[in-house]
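Trainee: Pasted the sequence and its predicted model underneath.
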Amino acid sequence: MSQTAVNVEGAVAYPLATMTEYQAGSIVSRTLLQGETGTLTVFSFDAGQALSEHTVPFNAFIQILDGEAEITIGGQPVTVKTGEIVLMPGGISHRVRAVQRFKMLLTMFKGK
């Protein structure tokens, strides 16, 4: 997985769906904000790519910007499409898989 960071500024509009590009056979991410209270990261997944099942202690939201993903949360698969959002509760295992290529915004909150 390739990753880059960008500094976002207040009072500036950003085109989320174009902040990462698709790369064949890869997952690309760009961290927009990382701080004590959480992170904001944009990802691009090529078709068939996946993040293996893992658990984090914090709540996280995935918002699909383009395409379609299968998010498995606590063993329950959920199909999430462009314009939809899903909560991955902290402490529950989850997996992210590209049904087709897709882009997502991941918002993680460090705290309860």
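Mentor: Looks like it came in fine.

Trainee: I figured T37 hits T107, correct?
Mentor: No - here T37 lies out of contact with T107, judged by C-beta atoms under 8 Å, at a distance of 10.9 Å. From N, CA and C alone the C-beta is placed, and that goes for glycine too.

Trainee: And these two? Which one has more around it.
Mentor: Per other C-beta atoms under 10 Å, whichever of T37 and T107 has more neighbours is T107, with 17 against 11.

Trainee: Beta-bridge partners for the most centrally placed residue in the chain, please?
Mentor: The residue at the geometric middle of the chain, judged as the C-alpha nearest the mean C-alpha position with C-alpha atoms, centre = their mean, is L106 (3.6 Å). Judged by DSSP bridges, the bridge partners of L106 are T41, I62.

Trainee: in terms of contact, does it touch V56 like I think?
Mentor: No - with contact defined as C-beta under 8 Å, L106 and V56 do not form a contacting pair (10.6 Å).

Trainee: which element follows the helix or strand of the chain with the lowest mean pLDDT toward the C-terminus?
Mentor: None of the helices or strands of the chain scores lower by mean pLDDT, DSSP states H and E than strand 2-5, at a mean of 61. Using DSSP states H and E, the helix or strand that follows strand 2-5 towards the C-terminus is strand 27-35.

Trainee: Note down every partner strand of that following strand and its orientation.
Mentor: Here, using DSSP bridges, strand 27-35 pairs with strand 2-5 (parallel), strand 38-45 (antiparallel).
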